[in-house]
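Visitor: Predicted model follows, preceded by the sequence.
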Number of protein chains: 2
Amino acid sequence: MVKMWKEIFEQPAVLEKCLSNTAIIHDVVQALKTQEIHGVYIAARGTSDHAAVYGKYLMESILGIPVALAASSVLTIYQKEINFKNTFVIGISQSGQAADVIEVVHSAKKQGAVTLSITNTADSPLAKEAQFHLDCHAGVEESVAATKTFTAQMFLLAQFVSIWAANKHITEELIKVPEKVSQTLTASQEIINKVDRYRFISDCFVLARGINYAVSLEAALKIKETNYIRAEAFSSSDFQHGPIAAIDRNIPVMIFAPKGPSLADMTEMIKKLRDFGIELIIISNQKELFEYSPCSFEIPNTENDLVSPFFNVVIAQMFACQLALVRGLNPDQPRGLHKVTITK
Amino acid sequence: MVKMWKEIFEQPAVLEKCLSNTAIIHDVVQALKTQEIHGVYIAARGTSDHAAVYGKYLMESILGIPVALAASSVLTIYQKEINFKNTFVIGISQSGQAADVIEVVHSAKKQGAVTLSITNTADSPLAKEAQFHLDCHAGVEESVAATKTFTAQMFLLAQFVSIWAANKHITEELIKVPEKVSQTLTASQEIINKVDRYRFISDCFVLARGINYAVSLEAALKIKETNYIRAEAFSSSDFQHGPIAAIDRNIPVMIFAPKGPSLADMTEMIKKLRDFGIELIIISNQKELFEYSPCSFEIPNTENDLVSPFFNVVIAQMFACQLALVRGLNPDQPRGLHKVTITK
């Protein structure tokens, strides 16, 4: 069994362990109460940046606080210090070693801002730099393609927001997530059976709206880095502003359409693309959408679509991993650049 | 002559006209002085959102103010009001009709935040909603692919930031921009001659770092929407975190490498990709880089790389437009797109 597949299946246990961070989260929330917070600034790169996008939607839609995602080069290449007055600063990095993320947190701490790091390595430079640290408790992640650390980062952000907002509804939904991720994993056999159809695709689009935009970014990255397929993610509303011109009958479109406030828009997009003869891969808890697709996957129902990203991304992870295997690739070791260079 | 080509050539005159907004900008800056501003929030979609990315880098690197780009669906689909206390809110839309952008500005104004709109239609709903309005003065843009309204949006943002920061250096650089855009347009014949080579590409990557990340996004969108080619943009630092695995000898990489703080990184990326046998399209004012590419385009020199996006994007616009013509497509009417997209 490849490591990526094994690590995908560890996720229910990892998320369960994440619940142990509750005490630290309460400390952070206490610290935030000593300042008037007008905004949040999150620094992260790659997969961790997709967790940051999830955090942005979550904080804005639950807490109503504006959240900026760091353009890290401002500090590193333009060497300009950002004024973090009344700003809460979060750095996210699996390894805790991302230099530009550390620099943002360092600058914020120096200015007296409340700072929080989320890493999978408690003794890393980032964990040490920030005033508070939340641990992903994911154990060593051996596959190059991150899976369990990503869902752990999202989970910690969601826990944090639910406690900061004192939103019991979300807290209760989160407690059910590990079990529902287990349920989602039972789709694995179906994925193994269905993924064959995509053996020879060279491109795909991934669409979502609202909170699942973060998942579409992460799904596209997983497919890209493990399969060398040109997968590109869009919020469905941005997709209509230009990129939709590039749709083609030979490019499947993966669509996340969970119950919730984005469902009407996603349903409309599904119908529109079907009218153009585009083949869809639909991930949803709304079975009536499955008639539009030869390949759909069911996720658990949720009271609130803000937790649906956990189930959607698990489907995408399994899909990317199995597709790589069907294509004869090793998802644990995305080809090093040297393999790409046939002639120097 | 197609409209897109004609409109590309109108840009020096349009930017010249943008200078007439100076008085209004001073009024906005006055209004901002009555509040303590801790952050900026910009709402925009599609091409206008790429202008917003330019604005974010500009404001953060010159003013050191954290800038958040709106996840518009927070207000529209999650119907959560964001707290805009001590926040300056900007809405950008060519048509001034983008419903989600209007909603952000409406909510901010209601809360007493200073609000600014940037549109090409002074009597549009967005222009009327915001407290202040900056007009792109671009005249009617007939091509669906936006060109002159994009550079006008960037120009107004740059003028605004230079006045807000009382940065005479940038103000003086900006005055030279229309003339330098004219100079850049003289590359048109060279583009017409060279673009043939790319008649049959199906993919390309577009890379930049720092302020030109906004241009890489816009260049990829222009190529995508007028040519139906899979063009994808990355900041060169993110490219190294995964997507670089997808490079291939049949996928050219367009690289923006102007003089300035990003040059060292971009030069390193150019050498790395050349070592792997990847073919590059280089846009730079550093002629010594041209030896790495069979197709490079020179842009004017600048004192400050923060104005280089104007010249880089003009090259990309001409490239996209000419490539569409060589491929027998009409760049003015991308399939499936409408000029005005009213996303809720």
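Guide: Everything's here; your move.
Visitor: So the closest residue to chain B within the stretch 201-344 of chain A, which state does it fall into?
Guide: Using Cβ to the nearest Cβ, the point where the stretch 201-344 of chain A gets nearest to chain B is residue A:241, with a distance of 3.1 Å. Bear in mind the C-beta positions are built from the backbone N, C-alpha and C, glycine included. With DSSP: H, G, I helix; E, B strand; the rest coil as the basis, residue A:241 sits in coil.
Visitor: Near the nearest residue to residue A:306 once chain neighbours are set aside, how many other residues are there?
Guide: In space, and not counting its chain neighbours, residue A:306 is closest to residue A:211: 5.4 Å by Cβ to Cβ, 6 or more residues apart in numbering or on different chains. Close neighbours of residue A:211, defined as other Cβ atoms under 10 Å in any protein chain shown, add up to 30.
Visitor: thinking residue A:211 is in contact with residue A:305, fair?
Guide: Yes - contact status for residue A:211 versus residue A:305: in contact at 6.1 Å, counting by Cβ atoms under 8 Å.
Visitor: shared neighbours of the two, anything?
Guide: Counting by Cβ atoms under 8 Å, 6 or more residues apart in numbering or on different chains, the shared contacts of residue A:211 and residue A:305 are residue A:262.
Visitor: Residue A:272: neighbour count?
Guide: Applying other Cβ under 10 Å, I find that residue A:272 has 15 neighbouring residues.
Visitor: Provide the secondary structure category for it.
Guide: Going by three-state DSSP, the secondary structure assigned to residue A:272 is helix.
Visitor: got the residues of the stretch 151-300 of chain A near chain B?
Guide: If contact is defined as Cβ under 8 Å from any Cβ of the partner chain, the residues of the stretch 151-300 of chain A in contact with chain B are A:203, A:209-210, A:213, A:221, A:224-225, A:228-230, A:232, A:235, A:237-238, A:240-248, A:261-262, A:265, A:276.
Visitor: now those residues: which count as buried?
Guide: Listed as buried from these are A:203, A:209-210, A:213, A:221, A:224-225, A:228-230, A:232, A:235, A:237-238, A:240-247, A:261-262, A:265; burial here means 16 or more other Cβ atoms under 10 Å in any protein chain shown.
Visitor: Where do the domain boundaries of chain A fall?
Guide: A:3-175, A:181-326 (automatic domain parsing).
Visitor: Is it correct that the residue of the stretch 201-344 of chain A closest to chain B is in contact with residue B:93?
Guide: No - taking contacts as Cβ under 8 Å, residue A:241 lies outside contact range of residue B:93: 10.7 Å.
Visitor: returning to that earlier point: spatially nearest residue to the residue of the stretch 201-344 of chain A closest to chain B (excluding sequence neighbours)?
Guide: residue B:46 (3.1 Å).
Visitor: number of nearby residues for the one you found?
Guide: As a burial measure, the neighbour count of residue B:46 was computed by other Cβ under 10 Å and equals 25.
Visitor: That one: what's it in contact with?
Guide: When the contact criterion is Cβ under 8 Å, 6+ apart, the partners of residue B:46 are A:238, A:241-242, B:146, B:221, B:341.
Visitor: Closest one of those residues to residue B:296?
Guide: When those are compared for distance to residue B:296 (Cβ to Cβ), residue B:221 comes out closest, at 21.9 Å.
Visitor: Which pLDDT value belongs to the closest one?
Guide: Residue-level confidence at residue B:221 comes out at 94, pLDDT.
Visitor: I'd guess it is in a helix, am I close?
Guide: Yes - following the definition three-state DSSP, residue B:221 is counted among the residues of a helix.
Visitor: shouldn't it be in contact with residue B:48?
Guide: No - taking Cβ under 8 Å as the definition, residue B:221 is not a contact partner of residue B:48, at 11.2 Å.
Visitor: you'd agree residue A:174 is up against residue A:162?
Guide: Yes - contact status for residue A:174 versus residue A:162: in contact at 6.2 Å, counting by Cβ under 8 Å.
Visitor: Give the rounded mean pLDDT of stretch A:140-154.
Guide: 95.
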